[in-house]
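Asks: here is a sequence together with a model predicted from it:
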Amino acid sequence: MKSFKQHIKEVHNNMHHNVAVDLDINPAELGNPEVVKRLNAFVGLIGNQEFILPEHALNTLRNRLAAVGLGMEATPSMSEQSGSFELQLNKMGGRFGKDENTPFDEFLNDDGISHMVEGGLKLKVDYEMVGRNNSCKLYASIV
């Protein structure tokens, strides 16, 4: 019979085969260009699909980004045949409160990213209506 320690050690050694994440990189470290590159690969998958409405595509993208802790500001109207815009990203809804550098009579209130990346991160979105069935293609990247 295995001891509890042996069981935990065995599970830990086999865990790397069952996990579908990158264990060699911290996805919360948005100041690292390699993290942004991997997030862009994740976000870029949206361009491989066609959607009936551009809003559906952005809702899908919003849900994908929420899975890794990123949020975005409200989506503008996309009533034209094609267009582009940028949306400010935030990490876990942003930061509010105090840190070690905040004066006693002030509060910290930011997007949760701009302290790691100057100016924060934005989601650049290009969309176009295609084909006779009026489906929508959406191309997005984090800049």
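Replies: Looks like it arrived, so ask away.

Asks: switch to C-alpha atoms for all contacts and neighbour counts from now on
Replies: Will do.

Asks: going along the chain, name the strands of this protein.
Replies: 70-72, 82-91, 95-97, 108-110, 122-130, 135-142 (DSSP state E).

Asks: any residues touching the fourth one, and which ones?
Replies: What it means is strand 108-110. Strand 108-110 has contacts (Cα atoms under 8 Å, 6 or more residues apart in numbering) with 94-99, 102.

Asks: picking up where we left off before, weakest of the strands of the chain by average pLDDT?
Replies: Lowest mean pLDDT within the strands of the chain: strand 108-110, a mean of 84.

Asks: that one pairs with which strands, parallel or anti?
Replies: Neighbouring strands of strand 108-110 in its sheet, by DSSP bridges, are strand 95-97 (antiparallel).

Asks: V125 and K137: what is the separation?
Replies: Counting by Cα to Cα, to the nearest Å, the gap from V125 to K137 is 10 Å.
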